[in-house]
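Enquirer: sequence plus the predicted model coming up.
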Amino acid sequence: MNLAKMLTFITLVGSVHTWAYAQSISLPSQNNVPNFTAQTINQSSGAPAKSKIEFAEHRILVKFKNQTTVNANNSQVSVDDVGNLSQGELSALNSVQGTVIKSFAKMGVHVVQTPLAVGKAIEMLYRNNNVQYAEPDYKVRAIVTPNDPNFSDLWGLNNTGQAFGIPDADIDALEAWNTRTDASKVIIGVVDTGVDYTHADLIPNMWINPKEIPGNGIDDDGNGWVDDVHGIDTCNGDADPMDDHFHGTHVSGTIGAKGNNGIGVTGVAWKTNIMALKFLCSDGFGFVSGAIEVINYALVTKINNNYPRMILSNSWGGGEYSQALFDTITLAKGLGVLFIAAAGNEGMDTDNTTVYPAGYKVDNVISVGASNSNDDPAFFSNYGCSSVDVFAPGEDILSTMPDNNYNYLSGTSMATPHISGMAAVIWSQNPSKNWRSVKSALMNSVDHPASVSRRSVSQGRANLSKALKPEAINEPTIWGTSPPSAAPGDTVTITGHNFGATPGSVNFNGTPLTVLNWSNTTISAKLGLNSLGTGALKVIRADNNISNSGACFGVSFKPSLVGQTIIPRAWTSGARVGGKYWIMGGEAPWGITGIVESVNLSTFTSAINSQWSMPIPLSNTGSAAIASKVYVVGGYNPSLGIISNSLQIFDTVSKTWQAGASLPQPLMQSAVAAINGKLYVFGGLDGFFGTTNTTYIYDPASNQWSSGAGKGTPTAYAAATSAPGSSTVMVAGGFACSFFGCEQNIAEIYDTVSDTWQFVSNLNRSRAGSAHAFFKGKDHVLFGSNQNTTGEYFNGSVWKEAISGPMLYTATGTVCNACQAMVIMGGFDQSFFFGSFSQNIWLLKE
C-alpha cells in the first residue's frame, strides 16, 4: 500500500474515531427528510483512502420525469427557465431552494443553483416523484501528459525512424494525402480549452459562423450568443473562445493546422472547419454542465445551418457517470454527429474500470488510445479489448501552441485529434455516407502491430491511407458486443455496421457460432461450449465479405459487464427478493445516500422510486431478506461519526418501511444472513470502533433479539454465505481491527441449530469487504480490500481460487437463477490511485 495513501487513511480514520458515538434511531415519517450529509465526508473505517470526487459546489443537474424536449433553435436559455415546469416540478425545486440558471431544451436538462450542500439537495430531490434524475456537476479536465516547427518532426503522420521510433509507426498520412488533404465538408467541434484562432497555422481553418456579423454587438442569428464568430466560451459566459491555456490549440493543430503553407506544422486535414467549443478554463478544468452547453451549441448550430457532417473531438475526461452527458451524446447520435473521445491516461484496463466520456456506451462514440513512435501503446495510455476502439499516435506530438508557438505534448488527448482529423478526411472523401460508415472505415483499416493486439476492439493503430480505400468503408465492422466478454455457450449480441440484410456467418478464432438473428447492424449468436480464450470475433457477410481483422473478444469465466446501476455507490448492502436485488443506501460521490435501487436480475436494469428511500440513510450496513422483506442492520453515518443500533425493515411488496427492535449494541460492517426465518448478525465494529465476535439473532415473529455463541475470532466486514435451506452459515475473511491493512483469512462455519462454531480451512488470500454469494453448491468470496482482484470458493475442504476481475471493495453480490451466474454490483473501484465509486453490474459464471 502506498505510504501517502496509508497516511491519508489513518488521518481520516482517526478523525472519525474521535467523534464516534452510538445512536438509537427512530424512523421519521416519509414526509420528514433526514439531515443528510454535506458533500465533504469523513473516511469510513476499514477502507482504502477515498478520492475526493470533485464537483461544483451548490450546483446540480436535474431532469424531471415529464419534461418534454423541444426542437428549439436557441442554444442557450439563461436565468430561471421555469415557464414549462409543472407545479410539482416547481415544488421539487423549491424544496431545495433551487434556481434554474440554465436549461437545455433539447435534453430536458436543467442546471440548478441551490444554497444547500450538493449531497443534501440530490437526496431531497430523489424523494420527489417528479424527478427523473439529479446529479452533481462533476469537474473534468484536459487529458494531457506534459512533456523547428517542421513536418519532419511529425512522426505520427509520417514516421521514417527520425530522431526516435521505427519506420511506418504512423497513420500513413503522407500516402493518404495523395488521395485527399481537404476536409472542408466537415465541421469539427473541438470541445476543450478554446483555440487560439489568431495562430497563423489555424486562422485559415477556423469555422466562421455564416449568420453572425463580427463585432456588431448583436446576436444576429438569434442563438443566444452575441458575436459567436468562431464558437463560444462557457468559462467566461461569452462568445470569445480564445485559448488561455494551451491544450485546445495543440489539439486543433493536430486536427487541422493549415497544410502546405510554408510555415509551422501540418494537421491531418490540410483544410477544414474548426469550431472552438471552450468549456475547460485557464487551469485546464471545467464542469460537465459546460461540456453539455458547448455540445448543445454545436448541435443547434448544425441544425440552424443545415450542416450534414459534424465531428466532436473530446480530449478531456474525469468525474463519475453523468446521465445528463449520456443523454447529450445520445442526442448527438440522433443528429448524425460522431463523438471522438480520449481513452484516458491512467495506464489501466478500462474493461474493468470505466472512464468518461470515452466509456459511454453510445454507438457514435470512438474511444482512442495512444501509441508511441515504436508502435507500442504509450506507457500512460488506457487500453481495453472491449472499451477502447482504436489507437493513434499520442506520445511526443508536436503541434500548435498559443501566440504562434509550437511544442510537444503527450497523452490520449494528442491521439484523439489524429482520429478526429482522419474522420474528417474520410467523411469529405465520402460525403454521401453517414457517421456509421466513417467509424467503420476507421476501424476496418488499422495496422496491427503485435503490441496493440488485444488492447482495443479493432486491435490496431489507425491508418488513414487504408481508411480512404473503398473497401474500408464497405466491409462489415464490429463495434462491440453485449456482453463485452462471455462464457462458453453464452448468447452474445454483436453491434456494428455493414453486416448486410441476408444472414451470413460469425466465428470466434475460426470456430463458428450459431446465428440466431441477423440485421445490417445487429447479430445475435450463440458461442460453442468449447470456446475459450481471447481472440478475434469475425463477421462474414452472405456475399463472403469478411471483416478485416475482426473484433477483440474474450470467452472466459471472468466477470462480464452487463449493466449499470443508477447511483454509483459503495459501503452499501442489499438482498435479493425473487428476481430483483434491492440495494440499500451506502455512500455515493456526494456523500451518504438513502436512495434505494431495485435491480432486475434478468435485464440488469435498475429503478428508483421516491417512496423507497431509507428513512435514515446509513452506510456500512448489513442486509438480508426474509420472505418479501429486506432487513437493514446497523450502519454508520460518516459525516456525524455515528454508529447505529437500528434495524430498518423494507417491505418490497407494499414499498413501506418500519422499525424493528434496536440491536443490543451499535454495530457497523456486520456480516448478516437469513436462516429459516431468522436474522443472524455476526461481528462488526462497535461504538468504539473495536471488532467484535458477537452473534445476535433476530426473530421477526417476536421482534426480539437474542445472543448466540461468540465467533472464534472478532471480525468486521466478513462475508456470510449460506445454501438455501441450510442451517449453517460460512463467515469468511474480514478485518481484525478498525483500519485498512489488517485483513484476515480465517473462515468459520456457524451451526444455527447447535449454536456452535467450527474453524475450516483458511482463505488463500486475506480479504475484507468482499462480495459474496452461494453459487453452484459452493460458498464464494470475491475481490475485496487491498486491491484484491481474485475470487475463491470453498469446495468442502479447502478454498480454491477461481475468478479474477475488477478491484472492487464493498461491492454487493447475489445469484441470478435465470442466468445461472453470480451478479456483482457497485462497490469502491480501487483501480485508480484514490479509487472511484462504481455503478457497474458484473455477471460471473464458473
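Expert: Good, I have the coordinates.
Enquirer: show the average pLDDT along stretch 217-230.
Expert: Computed over stretch 217-230, the mean pLDDT rounds to 94.
Enquirer: buried stuff in that stretch?
Expert: Neighbour counts over stretch 217-230 (16 or more other Cβ atoms under 10 Å) mark 219, 221, 223-225, 227-230 as buried. The C-beta positions use only the backbone N, C-alpha and C, and glycine is treated the same way.
Enquirer: worst mean pLDDT across the helices and strands of this structure, which element?
Expert: helix 3-18 (a mean of 25; mean pLDDT, DSSP states H and E).
Enquirer: ok, Gln323 to Val288 distance?
Expert: 10 Å (Cβ to Cβ, to the nearest Å).
Enquirer: correction: the previous question concerned Thr814.
Expert: Distance from Thr814 to Val288, by Cβ to Cβ: 32 Å.
Enquirer: what about those two, which has more around it?
Expert: Remark: of Thr814 and Val288, Val288 carries more neighbours, 27 against 23, as counted by other Cβ atoms under 10 Å.
Enquirer: quick check: the more buried one touching Glu54?
Expert: No. Assessed by Cβ atoms under 8 Å, Val288 is found out of contact with Glu54, at 11.1 Å.
Enquirer: quick check: the two most widely separated of the buried residues of stretch 217-230?
Expert: Greatest spatial distance among the buried residues of stretch 217-230 (Cβ to Cβ): Gly224 and His230, at 16.2 Å.
Enquirer: where do the contact lists of Val288 and Glu54 overlap?
Expert: Residues touching both Val288 and Glu54 (Cβ atoms under 8 Å, 6 or more residues apart in numbering): 138, 319.
Enquirer: for the chain, what spans make up the helices?
Expert: Per DSSP state H, the chain carries helices over the ranges 3-18, 87-95, 118-126, 173-176, 247-256, 288-304, 323-334, 412-429, 435-444, 464-467, 470-474.
Enquirer: among those helices, which comes closest to Ser560?
Expert: Nearest of the helices of the chain (Cβ to Cβ): helix 323-334, 20.8 Å.
Enquirer: enumerate every residue touching the closest residue to Asp283 other than its chain neighbours.
Expert: Take Asp283 and drop its neighbours on the chain: the residue closest to it by Cβ to Cβ, 6 or more residues apart in numbering is His245, 7.3 Å away. Contacts of His245 were listed using Cβ under 8 Å, 6+ apart, and they are 142, 193-194, 280-284.
Enquirer: and the residue nearest to Gly347 when sequence neighbours are not counted, what are its phi and psi?
Expert: Nearest non-adjacent residue to Gly347, counting by Cβ to Cβ, 6+ apart: Phe380, 5.2 Å away. With angles defined as degrees, to the nearest 10, Phe380 sits at phi -90, psi -10.
Enquirer: measure the residue positioned nearest the centre of the chain to Ile675 for me?
Expert: By Cα atoms, centre = their mean, the chain has its centre lying nearest to Thr354, at 4.1 Å. Distance check for Thr354 against Ile675: by Cβ to Cβ, it reads 37 Å.
Enquirer: can you give me the strands in the stretch 351-500 of the chain?
Expert: 365-371, 390-393, 397-401, 405-409, 477-482, 485-486, 491-497 (DSSP state E, counting those that start in this stretch).
Enquirer: got those strands as a markdown table, with mean pLDDT, distance to Lys629 and mean neighbour count columns?
Expert: Output for the strands of the stretch 351-500 of the chain, formatted as a markdown table (pLDDT from 0 to 100; distance: least, Cβ to Cβ, whole Å; neighbours: other Cβ atoms under 10 Å):
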| stretch | mean pLDDT | distance to Lys629 | mean neighbour count |
| --- | --- | --- | --- |
| strand 365-371 | 97 | 42 | 30 |
| strand 390-393 | 96 | 50 | 31 |
| strand 397-401 | 94 | 59 | 26 |
| strand 405-409 | 93 | 57 | 17 |
| strand 477-482 | 94 | 34 | 22 |
| strand 485-486 | 88 | 35 | 24 |
| strand 491-497 | 95 | 35 | 20 |
